[in-house]
Each structure stands twice: as C-alpha cells, then as structure tokens.
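Chemist: Build me a model:
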Amino acid sequence: MERRWTADVQTCPRENPIKLGESLTPGKRQPNPVNTLEYDTIIIGAGMSGLAAGIRLANYDQRVCILEKHWTIGGLNSFYRTGGRNYDVGLHAITNFTPAGTKKGPLARLLRQLRFRWEDFELSPQIGSAVVFPGARLGFTNDIEFLKSEVAREFPTQRDNFQRVLAELTDYDDLTQENFGGSAREFLNQTISEPLLVEMLLCPLMWYGNARENDMDFGQFCIMFRSIFLEGFARPFKGVRLILKHLVRRFRALGGELKLRSGVASIQVEGDRAIGVVLENGQQIHAKRILSSAGIIETQRLCEDLTETQPALAGQLTFIESISVLDRQPKEVGFPETIVFYNDSDQFHWQRPEQGLCDTRTGVICSPNNYLYSTEDGNLEDGIIRLTTIADFDSWTHLTEEEYLRQKMWWYDRSVASAVRFIPDFRSHVIDTDVFTPKTIRRFTSHINGAVYGAPEKRLDGTTHLKNLFLCGTDQGFVGIIGSIVSGISIANQHCLREA
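Modeler: So this is what the prediction gives:
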C-alpha cells in the first residue's frame, strides 16, 4: 500500500489546474499604470464569497479587484493535484440542493443574482446519508419525508414533536440579527422529549456549519437544518474546480481583476473609513470600499487604526481530514451512503480536544462516488472515502517537522480505526492516502486556529467599526459553498450596490 502525507499547501504543485495567472486582467478594463491603483471595491480573498461579490459588483460596472495571497483560488473550498490524482480540499457535499426549475431557496437565488444556469454547476444529488449513534440510526435524503419516516421508526413517540419542530422552522428569517441568538439545544429540548434524538439532529448540523462549542446559535441551527434536511446534498461530477472555473471566468469576462500571490499587509485607515490596502510587496491600492472574507478578527488585525484585537474570540474548531483511495468503488466494500455522521456515545462531542491532537469519538465519513451522477463516465474512476476528525490547532503547530509527518500517519490510522466501527472495514482496499491538518487549513484560509467555521460571534449585516469596510464569508454567518456564495452576493447588494 502506497501512502502519501502531502496535503499541506507548501507541498502542492505550484501550477494551478485551471491555469490562472498571478494577475488576471481582461481587456475590458486596465489598471492605471502607476504604483497606486484606484478601484470602486477591493475584495480580500478569492474564496467563494469573494468571487461571488466580485461578479455581482462587476455586473453593475464597478471597478473591482480581488486580492488573494495564495497562488490558487477557493480558500478552503479549493483543490490540488498530487501523485497523478485530483483532490478537493474541503468539499464533501454542496448543501442547499434544489432541483432544476426551483424558484425559491439559496441555490435559485444565487443563480439569478450571478446569472448562471442551473446546468452550469452540473449538480448530482446524494444517494442517501445517515446519522449513526450507538444503537440508533437515522437515514436521510434530499426528501424531508424520508427523515420524517426515519424519526417515526427510530423514535415513534417523537413523530408529532418532530413535526412541530419543522413547523417552527418554516418562518425563520436568516438575515435578522435579533432572531439569530439563543440556544439550539434549548429550542429542541422544549419540543423533543427524547435527548438522543436531539443529539442526533444536532450532529450533522454542527459538523457542517457551527463555530460554537457544545451548543449552536438558534439562527445557525435554522440555516443548517434547512440547507441539509429541507434541501439537501449534491456534488458536481468534476468536484469544486468546476464551480470555481465558472466563477472566475464570469468575473474576468465582466472586467474584474484577480491578483494572486497578493497578500494584504494592512488596511489603510483615515478617520472612520478605509481608504485602501498595502500589499505584502509594498504596493498600495486604493478603493471606495473594502470587502474582506478573511474573518472578523483577522480583518481587524489588518486595520492600521486598531492597536489591539481579541484573538480569544476566534473560533477553536478545526479538523484533520484523510482521503483514502480504494482499488474499487465504496459500494463494493459495503459503503453505499453518501455521508455518515457518527458519534460513539449518546452525548454528541463537539468541542476542541481536551487532550491530544485529535478526538476520534465523532467524525464524518464521505464518499464522492456515492452520488446519482448522470454523466457518460458513470462514476469517478477511483473509489474514495474521506474522513474528517476534530483536531487541536495548537498541538499540531508545535510539532517538529519530523514529528508532524509521523503524527499524520498515526492519526490517519486512529481515525480510520474509529470510523470502521460504523461502516464496513475498507482498509484492505486502500491503495493511496493523503491527509491535511489544521496547519493546512490555516494556510488556505488564514483563519486564526485554522478555525474552519470562523469565529462563534457572527455579523449578519457584515459591518465593522469602519463605515466602508465589510465582512463577507464565514464570519458574516453563511457557511458552505452555497452559503459562502450567497454571503458575497448579500453583502455586495446591501452595502456596495445600495451605496453606489
């Protein structure tokens, strides 16, 4: 069995698979040939939210420049190639899936706002997923009726209570800050009298979009419940690179500028406004407004007028993720589900590990093979199983290089051993592996602590202490690929287009 432990960014190939140059400047507009450039809007970060905001603004003829410190785009939702294989960095599934022709929901909204067709993303729905705890299993698909039937089967006394939860979630407004706070556990416990069902409902929602330890904001719970249970999972056959390719092409076609390897050293401030940025190479770029997808605390640290920030408010939840390449399709080893969320006790464990580098008591097992692909290719050539495990950022960053590589191998084995308690043992079919850690996530996203979902406290309106500096992306409150794109659109509409 050949193993590689190379998913850290510094070991990934420098050539971008979609052949982006360092500075992509289409012919429609050209920057001023001087050292200080002028734009309507600067966007920090070429992740999903930054690209979506750029497209929305460029659609209205704004002069937009997206600055990305890396050699590639996408942030955590990126991709790389090693050993002759393509790997997605963060993609398990795209949430908020709705079929073609659907007029409502985040997916339909972003297609309208960015002027894409449903077919452009080539989304294939999940086969079916599950939440597995000791002695209990809830399957779910993109049809909420199936989850209702599963709740009635596993927890017959809770059927009506679960229906009442669904009724209370229908009218939630995910853009209203006043409704966002409060405890999701408290909300569920008021209606559902079976503690195990509460834990099982929270498990996938927290895994896919919760920055707060042990509990979840009511608003974030509503957003994630809708995106996973009421809408559902899908995936492009070619992975996240297809979506990124469409976003970049549209942004460039509208005259937007994308500057790679252009990290921001500081945000220049005059009075109560940002006037521009200074890049790490010393170049100054000015703009009427700035959007940042770097995160709230990370953005504050860039501001010249702030001498102190509060890093203690940063998120603590980060992961390791392993990718196992099999010599056959996962279905052939007895794993037919798209995603399995597991936990090895009746109490869901959602916190930074108290001891050690990882906590293997809970995890997510995903196969990109197990979607209803309708392409001529039929399915992905390689069988792939991805496994995500909670990790501790500080512990990983204090390792020597030699110990770091050794711990990757050690925790790969430990996390897989934990996972095969809940799915068939696939280890004898593994022909290749790759692993990335919190250090990798930190490099891809610049988030303090490698926090995948950013800081626990969200800013739904995207505002900061400066009148023309706004947040988009994870710390604005929407997570996941669809959520990030909608975040960029929402903040562009609310603050940049309205002002203009």
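Chemist: quick check, Ser374 in a helix?
Modeler: No - in this structure, Ser374 is coil, not part of a helix, as judged by DSSP: H, G, I helix; E, B strand; the rest coil.
Chemist: Okay, it and Glu119: tell me how far apart.
Modeler: Here the criterion is Cβ to Cβ, to the nearest Å. By it, Ser374 lies 11 Å from Glu119. Bear in mind the C-beta positions are built from the backbone N, C-alpha and C, glycine included.
Chemist: pLDDT weak spots in the stretch 351-500 of the chain?
Modeler: Under the criterion pLDDT under 70, the flagged ranges of the stretch 351-500 of the chain are 375-377, 499-500.
Chemist: all helices of it, in order?
Modeler: With DSSP state H, counting those that start in this stretch as the criterion, the stretch 351-500 of the chain has helices at 393-397, 401-419, 438-445, 480-491.
Chemist: Pass me the low-pLDDT residue ranges in this structure, would you?
Modeler: Using pLDDT under 70, the chain drops low at 1-36, 171-179, 375-377, 499-500.
Chemist: Burial-wise, tell me which of the helices of the stretch 351-500 of the chain comes out on top.
Modeler: Taking mean count of other Cβ atoms under 10 Å as the contact definition, the stretch among these with the greatest mean neighbour count is helix 480-491, which reaches a mean of 28.
Chemist: What is that one packed up against?
Modeler: Helix 480-491 sits against helix 48-58, helix 106-114, helix 240-253, with contacts defined as 3 or more Cβ pairs under 8 Å, 6 or more residues apart in numbering; DSSP states H and E.
Chemist: Compute the inter-axis angle for it and helix 240-253.
Modeler: With axes from the mean of the first three to the mean of the last three Cα atoms, to 10 degrees applied, the angle from helix 480-491 to helix 240-253 works out at 20 degrees.
Chemist: quick one, helix 480-491 and helix 48-58 angle?
Modeler: Between helix 480-491 and helix 48-58, the angle formed by their directions is 40 degrees, by the same axes, to 10 degrees.
Chemist: Run the angle between helix 480-491 and helix 106-114 for me.
Modeler: Calculated by the same axes, to 10 degrees, helix 480-491 forms an angle of 50 degrees with helix 106-114.
Chemist: any idea how far helix 480-491 is from the chain center?
Modeler: Relative to its chain's centre, helix 480-491 lies at 10 Å (Cα atoms, centre = their mean, to the nearest Å).
Chemist: One more: stretch 161-170?
Modeler: Taking the mean of its C-alpha atoms, stretch 161-170 sits 27 Å from the chain's own mean (Cα atoms, centre = their mean).
Chemist: buried residues in it?
Modeler: Asn161, Phe162, Val165, Leu169 (16 or more other Cβ atoms under 10 Å).
Chemist: domain assignment for the chain?
Modeler: Domain segmentation of the chain under automatic domain parsing yields 9-82+240-313+455-497, 125-233+315-445.
Chemist: Buried ones in stretch 275-282, by neighbour count?
Modeler: Ile275, Gly276, Val277, Val278, Leu279.
Chemist: what's the burial count for Arg117?
Modeler: Using other Cβ atoms under 10 Å, Arg117 has 9 other residues around it.
Chemist: let me redo that: Val89
Modeler: A count of neighbours around Val89, defined by other Cβ under 10 Å, yields 24.
Chemist: And it, how far from Arg261?
Modeler: Distance of Val89 to Arg261, computed by Cβ to Cβ: 18 Å.
Chemist: any idea which of the domains of the chain is most buried?
Modeler: Most buried of the domains of the chain by mean neighbour count (mean count of other Cβ under 10 Å) is domain 9-82+240-313+455-497; its value is a mean of 21.
Chemist: from the middle of its chain, how far away would it be?
Modeler: On the basis of Cα atoms, centre = their mean, domain 9-82+240-313+455-497 is displaced by 16 Å from the centre of the chain it belongs to.
Chemist: just stretch 425-442 next, same as before
Modeler: Average the C-alpha atoms of stretch 425-442, do the same for its chain, and the two points are 19 Å apart (Cα atoms, centre = their mean).
Chemist: Now do the strands in the stretch 101-250 of the chain.
Modeler: If DSSP state E, counting those that start in this stretch is used as the criterion, the strands of the stretch 101-250 of the chain fall at 123-125, 129-133, 136-140, 234-236.
Chemist: now for the ones you listed, which one comes closest to Val416?
Modeler: Closest of those to Val416 is strand 129-133, at 15.9 Å (criterion: Cβ to Cβ).
Chemist: tell me what the closest one is packed against?
Modeler: Using 3+ Cβ pairs under 8 Å, 6+ apart: strand 129-133 touches strand 136-140, helix 195-207, strand 339-343.
Chemist: got a markdown table for those, with distance to Asn493 too?
Modeler: As requested, the helices and strands packed on strand 129-133 are exported to a markdown table (distance: least, Cβ to Cβ, whole Å):
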| stretch | distance to Asn493 |
| --- | --- |
| strand 136-140 | 32 |
| helix 195-207 | 27 |
| strand 339-343 | 32 |
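Chemist: List the contacts of Ala184.
Modeler: Contacts were defined as Cβ atoms under 8 Å, 6 or more residues apart in numbering; by that measure Ala184 touches Leu202, Leu205, Asp215, Met216, Asp217, Phe218, Gln220, Phe221.
Chemist: Name the nearest residue to the last one, ignoring sequence neighbours.
Modeler: Using Cβ to Cβ, 6 or more residues apart in numbering and skipping the chain neighbours, the partner closest in space to Phe221 is Ala184 (3.6 Å).
Chemist: Could you tell me which residues make contact with Thr234?
Modeler: In this structure residue 234 is Ala, not Thr. For Ala234, the contacting residues are Ala93, Ile94, Phe97, Leu123, Ser124, Pro125, Gln126, Asn142, Tyr371, taking Cβ under 8 Å, 6+ apart as the criterion.
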